[in-house]
Each structure stands twice: as C-alpha cells, then as structure tokens.
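*Asks:* Fold the stuff below for me.
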Amino acid sequence: MINAKRTTAGFLAGCLICAVTPGASEVSRVSDLSVLADGQGRYRLTMKFSGLPASSCHLREEDGLEALILELSPAESSLKPKYDFAETPVGPVTVSSLSATGGAKGIRVKIPLRGASVKGWGITGEGMEVLFTAKPRTPAPGSAYQMGVGDRLDISVFGQDDLKATLEVLADGTVSFPLIGVMPVAGRTLAEVRAAVETRMKEFLVDPQVSLDIKDYQSQPVNVVGEVEKPGTYYLKGPTTLMDIMAQAGWMTKDAGSEIIITRHEAGSGTDGGTRQIPISKDDLLQGGTQYNPRLQSGDVITVGATQYFYIRGEVVKPGQYKLEDRPTLMKAVSIAEGLTPYARKKGIEIIRTVSGSQTKLVFDLKSIEERKASDVPLLPGDVIIVPRRLF
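*Replies:* I've put the predicted structure just below:
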C-alpha cells in the first residue's frame with residue numbers, strides 16, 4: 001500500500017515523488033490509459049501494464065502549467081499519442097517515447113493538471129494508479145439520490161484491493177461494509193455515506209480514499225403498463241421525469257391513445273388507498289415544460305391506454321368512428337362530424353352508452369345546450385351518438 005499522506009508530502013518537498021526499481025529487466029507492455037471520476041471531486045488515472053518496469057512520478061512546470069510526468073522503462077506502448085478526458089481536471093494527456101540509461105526504451109506520459117492536485121500514487125497488480133482531487137461540482141437542488149432497500153453499492157479503497165466489494169442495502173436499511181462493519185444508509189445520499197465510511201475507516205487506515213458508487217438501483221420502482229413498447233418495472237436513478245421513463249419504455253405503440261395517466265399514492269394514505277390520478281396529454285408532454293413532464297415518485301404507475309373511440313350516426317355530414325381525444329362533448333362530437341344535415345332534429349339526440357356490460361339510452365336536446373339552457377355532456381369511450389331525422 002502507498003501511504004497517501006506521505007506521498008503528498010513528497011510532492012511538496014520536491015519534484016521527484018517516488019521511483020520503483022524493477023526486480024527483472026523484462027520489457028513491459030503498456031496497454032491502456034483511463035481516467036474515472038467518482039462524482040465527488042476525485043479522479044483515478046489508471047495505466048495498465050504487464051511486468052514491473054522502473055517507474056517514477058514527477059511534478060514539473062511546463063508551458064506555464066503544472067504537469068505530472070509518469071515514466072516507465074523498459075517498456076513498449078500500444079497507447080495513442082494523445083488522450084482527451086472530457087469533464088475532468090486533467091489533460092490533454094500526451095504519450096511519447098523515452099530513452100533511458102543503458103539504451104533501454106521506455107515511455108513518458110505527460111498529464112497537465114487543470115485545477116487538480118495529486119493525492120497519491122501506487123503500483124497495483126494491473127499497473128499504476130494515480131489519485132487526483134478537484135473541487136466537486138455543486139449538485140442541483142434536490143438532485144441527490146437517496147439510497148434505499150435493495151440498492152447495490154460498489155466500494156473500493158485506494159491501495160487496498162482486499163476492501164473492494166459489492167454490497168446490498170438490507171431490509172433494515174443497513175450495509176455491512178468491509179473493515180468497519182454495519183452502517184445505516186437508507187435515506188442518505190451517496191456523498192453522505194462515503195464521508196461516513198471514510199471517517200470510520202480512519203480508525204484503521206491512514207487517510208483512506210474511498211470510492212463508492214451505486215451499481216444497481218432497486219429501491220424506487222415505478223411501473224409502466226399499457227400501450228408502450230416495453231411495459232414493466234423501472235427504477236428511479238435520482239430526479240426522473242415522465243419523459244425519461246417513457247423513453248426507457250420505448251415510447252408508445254401505434255395503438256396508444258392520446259392520454260397518459262400517472263396513478264400516485266398520496267403521502268400518509270396508508271394501505272387503504274388514497275391514490276390520485278394525474279392525466280397528461282401526449283401532445284402536451286411532447287411540447288415540453290415541467291408542467292406536463294412531472295418528476296416521478298417511487299411507486300407511481302404510468303398507464304398508457306389504447307386509442308378509444310366514439311361513434312356518431314344519423315343526420316350528420318360525416319357519420320362514422322372517431323378517436324376520443326381531448327375529452328370531447330356532445331357538441332364537439334357534432335362539430336367533429338362536420339355538423340348536422342338540413343334534415344337533422346336537434347331535440348331527441350340519443351347517446352347509447354355501455355357501462356359494466358349494461359346498455360343505457362340517454363336523450364339530449366342539442367338546441368338547449370347551444371342556448372346554454374342545459375349542460376353539455378362529456379362523452380365516454382364507446383358512446384354511440386344517434387342524431388334523428390326531422391318529421392315533415
């Protein structure tokens with residue numbers, strides 16, 4: 001294990017951090033270079049190589065910018081000449097050949113530090129690792145995901161391969177971490193738990209650098225049913241909107257209706273019901289805006305119904321079957337059918353309605369509705385409107 005505190009002190013004392021001398025003169029092969037972020041201002045650069053070449057790390061001022069220089073010899077490289085690691089405080093990283101003492105060939109990796117500082121470095125079973133820190137980004141308000149039962153976490157500690165593990169949040173909301181034991185995590189954010197784990201590990205390790213990530217989100221399900229390409233259960237991964245989940249479900253099928261219903265359990269309603277429905281028009285959702293693209297909550301059920309129809313017959317210009325969209329009324333249905341014919345009788349218009357297998361006939365006076373002497377009537381799926389003919 002490399003002592004991170006002593007390594008950092010070595011940086012401050014002089015440019016040469018450390019050097020490792022190989023036990024054999026075999027030529028190593030450098031095969032991969034990557035930078036990973038943990039979302040909390042830490043970055044781990046990993047350079048994979050075979051064998052154990054002589055290796056060193058230096059801090060230098062080059063072109064007015066502080067850079068970390070990694071040198072390996074004897075070594076051959078299959079790395080690219082240049083790497084750009086977007087959204088990290090290092091780079092662009094350049095790779096060049098190195099002529100070492102005795103004619104041995106090696107490689108030189110230059111890593112400009114754009115606001116990063118080096119925390120430590122070490123040789124692992126796969127190669128070399130360098131740990132950087134940078135000022136963490138401030139998350140958007142309400143954006144932090146709170147862990148829950150069933151979530152699975154990946155933990156690793158810099159320089160401590162035996163502490164790497166995948167752990168699950170148990171039914172009591174706790175996780176049994178290596179070295180430090182059981183800790184409650186349900187309802188806490190990843191940053192909060194990581195900080196608590198590091199604090200506990202300081203009782204056993206010098207300046208532990210913990211990486212903690214959520215491997216599987218399993219604690220906050222939502223269900224998507226009906227006319228979507230991939231109905232099923234999906235899991236919230238932080239702030240998730242209706243549009244996000246609809247995209248995961250493959251969007252609507254060709255038979256989908258015009259409305260999406262979110263069924264949500266009200267807070268404090270217990271097990272006796274207490275649900276409410278939130279209707280969202282497909283057209284409104286596509287137009288964007290938070291009003292029609294709400295953030296989902298754990299337990300929500302998103303229902304996309306099939307296209308529904310009403311039917312209009314008799315004395316209208318275009319009788320037939322029409323989609324039941326935008327909650328039409330009797331007057332709107334007549335308008336959709338392009339109005340009445342000259343022979344239509346407004347009094348005595350019938351709506352044949354089937355509810356729970358029982359058929360009912362409702363009779364309305366369209367003239368009274370037009371004159372606002374009577375209320376217009378909203379249509380239901382399957383309604384059949386019959387406009388009678390006048391008797392002369």
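*Asks:* Which residue ranges of this structure form helices?
*Replies:* Assigned by DSSP state H, the chain shows helices spanning 4-13, 190-201, 242-248, 282-287, 330-336, 366-370.
*Asks:* of all the ones you listed, which lies closest to residue 58?
*Replies:* Each of the helices of the chain has some distance to residue 58 by Cβ to Cβ; the shortest is helix 4-13, at 9.5 Å. C-beta here means a position set from N, CA and C on the backbone, and glycine is covered the same way.
*Asks:* avg pLDDT for that closest one?
*Replies:* Across helix 4-13, pLDDT averages out at 32.
*Asks:* With just CA atoms, put stretch 222-232 into PDB.
*Replies:* What follows is stretch 222-232 as a C-alpha-only set of coordinates in PDB (Å, rounded to 0.1, in the frame of the first residue of the first chain):
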ATOM      1  CA  VAL A 222     -42.200   2.700 -11.000                       C
ATOM      2  CA  ASN A 223     -44.400   0.600 -13.200                       C
ATOM      3  CA  VAL A 224     -45.300   1.300 -16.800                       C
ATOM      4  CA  VAL A 225     -48.400  -0.500 -18.200                       C
ATOM      5  CA  GLY A 226     -50.500  -0.400 -21.400                       C
ATOM      6  CA  GLU A 227     -49.600   0.600 -24.900                       C
ATOM      7  CA  VAL A 228     -45.800   1.100 -24.700                       C
ATOM      8  CA  GLU A 229     -43.100  -0.900 -26.400                       C
ATOM      9  CA  LYS A 230     -41.500  -2.300 -23.200                       C
ATOM     10  CA  PRO A 231     -44.000  -2.300 -20.300                       C
ATOM     11  CA  GLY A 232     -42.600  -3.300 -17.000                       C
END
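*Asks:* That one: which residues count as buried?
*Replies:* Buried residues in stretch 222-232, counting neighbours by 16 or more other Cβ atoms under 10 Å, are found at 222, 224-228, 231.
*Asks:* likewise stretch 96-115?
*Replies:* 98, 100, 106-113.
*Asks:* re earlier: could you dump the helices of the chain into a markdown table with mean neighbour count and distance to residue 133 added?
*Replies:* Below are the helices of the chain laid out as a markdown table (neighbours: other Cβ atoms under 10 Å; distance: least, Cβ to Cβ, whole Å):
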| stretch | mean neighbour count | distance to residue 133 |
| --- | --- | --- |
| helix 4-13 | 15 | 10 |
| helix 190-201 | 18 | 13 |
| helix 242-248 | 18 | 31 |
| helix 282-287 | 14 | 41 |
| helix 330-336 | 18 | 63 |
| helix 366-370 | 16 | 71 |
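*Asks:* For the buried residues of stretch 222-232, name the two members farthest from one another.
*Replies:* Within these, two members stand farthest from each other by Cβ to Cβ: 222 and 227, at 16.7 Å.
*Asks:* ok now do the closest residue to residue 201 other than its chain neighbours, which residues does it touch?
*Replies:* Leaving aside its sequence neighbours, residue 201 sits nearest to residue 208 (Cβ to Cβ, 6 or more residues apart in numbering; 4.1 Å). By Cβ atoms under 8 Å, 6 or more residues apart in numbering, the contact set of residue 208 is 157-158, 160, 198, 201-202.
*Asks:* before we move on, the earlier item: so which two of the buried residues of stretch 96-115 are the farthest from each other?
*Replies:* Using Cβ to Cβ, the buried residues of stretch 96-115 reach their maximum pairwise distance at 100 and 113, which is 24.4 Å.
*Asks:* in the stretch 201-350 of the chain, which spans are strands?
*Replies:* All strands of the stretch 201-350 of the chain, identified by DSSP state E, counting those that start in this stretch, fall at 210-216, 221-226, 232-235, 256-265, 275-281, 301-306, 309-314, 320-323, 347-355.
*Asks:* would you list the ones you listed in a markdown table and tack on mean pLDDT and distance to residue 26?
*Replies:* Conversion of these to a markdown table gives the following (pLDDT from 0 to 100; distance: least, Cβ to Cβ, whole Å):
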| stretch | mean pLDDT | distance to residue 26 |
| --- | --- | --- |
| strand 210-216 | 91 | 31 |
| strand 221-226 | 96 | 53 |
| strand 232-235 | 95 | 48 |
| strand 256-265 | 90 | 63 |
| strand 275-281 | 89 | 65 |
| strand 301-306 | 94 | 59 |
| strand 309-314 | 96 | 77 |
| strand 320-323 | 94 | 74 |
| strand 347-355 | 93 | 83 |
